[in-house]
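Novice: Build me a model from this:
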Amino acid sequence: MPSLLCQPFKVGPLELKNRIVMPPMATRYATAGGFVSERTVNYYEARARGGAGLIIVEATYVHEKGPLLPNELGLSDDKFIPGMKKLTDAVHQYGAKIAVQLVHGGRMTAISLSGVQPVAPSAIAAPGCDAPREITLPEIKEVVEAFAAAALRAKKAWFDGVEIHAAHGYLIDQFISPASNRRTDAYGGSLENRARLLIEVIKACRDITGLTFPVWCRINGREYGVPGGETPDDMKKVAALAEEAGAAMLHVTASGPANPAAATAN
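Specialist: I've put the predicted structure just below:
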């Protein structure tokens with residue numbers, strides 16, 4: 001009897017040849033400007049040739065003020081589309097599907113990368129990171145639009161879907177976590193308010209790409225080592241809100257600081 005892993009699988013409108021999914025993992029093989037390199041293409045092509053049914057490309061920044069790492073892939077501008085198309089073409093020739101994970105680093109973005117002070121839901125620094133300033137309401141709208149624009153670029157580059165990174169302490173997750181979100185407006189306080197940015201991003205991405213283009217999100221199941229952080233009960237509710245907003249699936253993970261003792265000080 002064939003292994004269950006080898007059986008075709010369907011996620012919303014996305015049909016996979018098997019159940020083998022390669023999660024997003026940072027390679028930093030992009031050029032210094034965020035463009036796909038030959039090494040990037042070769043890396044993902046090898047995984048497709050190895051038999052993966054779905055490959056989710058590593059965290060890719062949607063806004064020039066929100067990168068996470070040097071040599072991180074970008075989708076903040078149309079100039080990135082041709083290189084991304086080379087990547088999807090290389091993967092598709094083996095019958096694999098390919099998605100890309102979209103991210104804004106928020107307070108995890110270093111001034112040395114973006115050239116500006118990082119933004120966050122509240123002016124609370126992450127351990128070992130630059131001090132952020134509180135993001136304004138117009139800037140929140142700009143972030144939502146940046147995610148949507150990047151999702152459309154992904155579709156134009158023939159990706160088969162996008163994953164919204166709402167975990168691991170990056171900007172959307174910073175809004176969800178009560179430990180990093182002390183706002184008193186529509187984006188803070190209640191769980192529904194703290195999840196508002198995620199819901200707006202999911203809906204904006206779906207609106208601009210169409211109902212047949214899968215959009216999903218990666219969320220924490222809990223936040224470790226952070227007093228007052230995300231709990232499993234809260235994240236179950238966030239999952240339900242994401243599903244209601246139209247997420248095609250949920251990619252559940254968990255996160256916490258590298259040094260929990262440092263987080264206690266915040």
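Novice: from here on, contacts and neighbour counts on C-alpha atoms
Specialist: OK.
Novice: Flag the shaky bits of the stretch 1-150 of the chain, pLDDT-wise.
Specialist: Applying pLDDT under 70 to the stretch 1-150 of the chain flags residues 1-4, 11-12.
Novice: Show me where it has its helices.
Specialist: With DSSP state H, counting those that start in this stretch as the criterion, the stretch 1-150 of the chain has helices at 38-49, 81-92, 111-114, 137-156.
Novice: can I get these in JSON lines with mean neighbour count?
Specialist: Output for those, formatted as JSON lines (neighbours: other C-alpha atoms under 10 Å):
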{"stretch": "helix 38-49", "mean neighbour count": "17"}
{"stretch": "helix 81-92", "mean neighbour count": "20"}
{"stretch": "helix 111-114", "mean neighbour count": "14"}
{"stretch": "helix 137-156", "mean neighbour count": "20"}
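Novice: Rebuild these as JSON lines, extending it with distance to E192.
Specialist: Shown next, in JSON lines, are the helices of the stretch 1-150 of the chain (distance: least, C-alpha to C-alpha, whole Å):
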{"stretch": "helix 38-49", "distance to E192": "37"}
{"stretch": "helix 81-92", "distance to E192": "34"}
{"stretch": "helix 111-114", "distance to E192": "30"}
{"stretch": "helix 137-156", "distance to E192": "16"}
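Novice: hang on, A254 in a helix?
Specialist: No: using DSSP: H, G, I helix; E, B strand; the rest coil, the secondary structure at A254 is strand, not a helix.
Novice: Could you report the neighbour count for D185?
Specialist: 10 (other C-alpha atoms under 10 Å).
Novice: In which helix or strand does it reside?
Specialist: Using DSSP states H and E, D185 is not contained in any helix or strand.
Novice: Per-residue pLDDT of it, please?
Specialist: On the pLDDT scale, D185 is placed at 98.
Novice: follow-up on the earlier one: minimum distance to D173: which of the helices of the stretch 1-150 of the chain has it?
Specialist: Among the helices of the stretch 1-150 of the chain, helix 137-156 comes nearest to D173, with 13.5 Å by C-alpha to C-alpha.
Novice: What lies in contact with the closest one?
Specialist: 62-63, 75-78, 81, 84, 100, 102-103, 161-162, 197, 200-201, 204-206, 208-209, 213 (C-alpha atoms under 8 Å, 6 or more residues apart in numbering).
Novice: Following element in sequence after it, please.
Specialist: Next along from helix 137-156, by DSSP H and E: strand 161-166.
Novice: Strands along the stretch 151-266 of the chain, start to end?
Specialist: 161-166, 215-223, 250-255 (DSSP state E, counting those that start in this stretch).
Novice: Comparing those, which comes out most buried?
Specialist: Most buried of those by mean neighbour count (mean count of other C-alpha atoms under 10 Å) is strand 161-166; its value is a mean of 26.
Novice: quick check: angle from it to strand 250-255?
Specialist: 30 degrees (axes from the mean of the first three to the mean of the last three C-alpha atoms, to 10 degrees).
Novice: Fine by me, we can end here.
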